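**Student:** quick one, what's the 3D model for this:
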Amino acid sequence: MKSTLRNLALSLLLTALIAPLASSEERDPFDYDGQITAGDDVIKIVFIADAGTHGPRGNHEFVGGSILMARALHEAYPNVHAVVHSNKAWPKKLDHADAIIVLLNHAEPAATDPEIFAAVRKGAGFMAIHYGVEVNKGEAGKHYLDWMGGYFETFWSVNPWWTPKFEKFPDHPTARGVKPFSVNDEWYYHMRFAPDMKGVTPVLSDVPPLETAKEESSSHGGNPAVHAEVKDGQPQVVAWAYDRPDGGRGFGFTGMHLHDNLANDSFRKVLLNGAAWVSGLEIPAEGVPSSTPSKDDLAKLLDDADAAIAAGK
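**Tutor:** Residues are numbered from 1 along each chain as shown. Below you'll find the predicted structure:
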């Protein structure tokens, strides 16, 4: 009898230990309740993505990009459950989140959301991508400086299209496995960073063409300060990691206007490394692995995103 009870207890213990190791297919990016009720040993990542595009199909496809990232993280980490909310189904509860990643057509709603504020204050990582790095100066800007060490500030930052050449990378987990690459995108730069860049590690930097930084002042096109820096040949940071004073982590990535750029392996790897890092996950020596999506794969992601949004996700 004692042996039977002992075997039963061992069986229950083993079941509990392997429960989080569900297959990637079983961790649905839209299973919100399943994520919330998962055990404490499951890392919970919440994407909030704008359902609206920005121009023709293939631009600002943030729900589709989030689905790709969530699935890749599931494949790479059996103890991760990532979910994707469109901004039309904004999460009402975030106290379970280990990391929050936003991809929005202006991120003021995220920067002033009390649930995000409370989650980050408890230690959740925070990451913003492309237009998700822009918030208004003031309370929202202060939150972003606290959460990820920098943000796009109008009349200081610029958002031109250009093709940087990323050739040197820091000795930082988010740069693991990243190889030199060059991608044309709307790479924002000249962020408003924490004073003296304290806690900020530039991950992707290059010197932009001078014509991308106008000398005359405008909300997004230039100002005397950015023009002088670029004219002087100062590299501009377009992706960065941030070690918060409270021990939390933040990451900013200004590219990803074009959905098809996710087919670039190093571009995609920086995004996945950043997502894993802010979540407190260990990043392999060669970075977070993922399969290179084909054109059909990228198109299917947009179909999946459309279906999810239509279903109220």
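**Student:** who does Glu134 form a beta bridge with?
**Tutor:** For Glu134, the beta-bridge assignment (DSSP bridges) gives partners Phe152.
**Student:** residues in contact with Ser279?
**Tutor:** The contact partners of Ser279, by Cβ atoms under 8 Å, 6 or more residues apart in numbering, come to 43, 45, 80, 98-99, 125. C-beta coordinates here come from the backbone N, C-alpha and C atoms, glycine included.
**Student:** farthest-apart pair in those, please.
**Tutor:** Val80 and Gly125 (12.6 Å; Cβ to Cβ).
**Student:** still on that earlier bit, and of the contacts of Ser279, the nearest to Asn87?
**Tutor:** Ile45 (17.0 Å).
**Student:** from Glu229, how far off is that closest one?
**Tutor:** Separation of Ile45 from Glu229 (Cβ to Cβ, to the nearest Å): 34 Å.
**Student:** so which of these two has more stuff around it?
**Tutor:** A direct count of neighbours by other Cβ atoms under 10 Å for Ile45 and Glu229 places Ile45 higher, at 30 against 17.
**Student:** quick revisit: for Val80 and Gly125, indicate the residue with more neighbours.
**Tutor:** Gly125 (29 against 25).
**Student:** I'd guessed that one sits against Asp246; true?
**Tutor:** No. Contact criterion Cβ atoms under 8 Å: Gly125 and Asp246 do not qualify, at 11.3 Å.
**Student:** now do the helices in this structure.
**Tutor:** 2-18, 32-37, 62-76, 108-111, 114-121, 139-148, 224-231, 265-278, 295-310 (DSSP state H).
**Student:** how about these, which one is nearest Pro160?
**Tutor:** helix 224-231 (10.3 Å).
**Student:** and for that closest one, what's in contact with it?
**Tutor:** Taking Cβ under 8 Å, 6+ apart as the rule, helix 224-231 contacts 156-158, 189-190, 207-210, 212-215, 217, 236.
**Student:** may I see the buried residues of it?
**Tutor:** 226-227, 229-230 (16 or more other Cβ atoms under 10 Å).
**Student:** same check, this time on stretch 46-63
**Tutor:** In stretch 46-63, counting by 16+ other Cβ under 10 Å, buried: 46-51, 53, 58, 60-63.
**Student:** check stretch 68-78 too.
**Tutor:** In stretch 68-78, counting by 16+ other Cβ under 10 Å, buried: 68-77.
**Student:** now swap in stretch 146-165 and tell me
**Tutor:** So for stretch 146-165, counting by 16+ other Cβ under 10 Å, buried means 146-154, 156-160, 162, 164.
**Student:** what's the end-to-end length of that stretch?
**Tutor:** One end of stretch 146-165 to the other measures 29 Å (Cα to Cα, to the nearest Å).
**Student:** Phe152 contacts Asn136, doesn't it?
**Tutor:** No. Between Phe152 and Asn136 there is no contact under Cβ under 8 Å: 10.2 Å.
**Student:** quick one, grab the pLDDT at Pro56.
**Tutor:** Pro56 is assigned 89 on the pLDDT scale.
**Student:** typed the wrong thing, it's Ala107
**Tutor:** Looking at Ala107, its pLDDT is 97.
**Student:** follow-up on the earlier one: of all the helices of the chain, which lies closest to Lys88?
**Tutor:** Here helix 295-310 is closest among those (Cβ to Cβ), at 6.6 Å.
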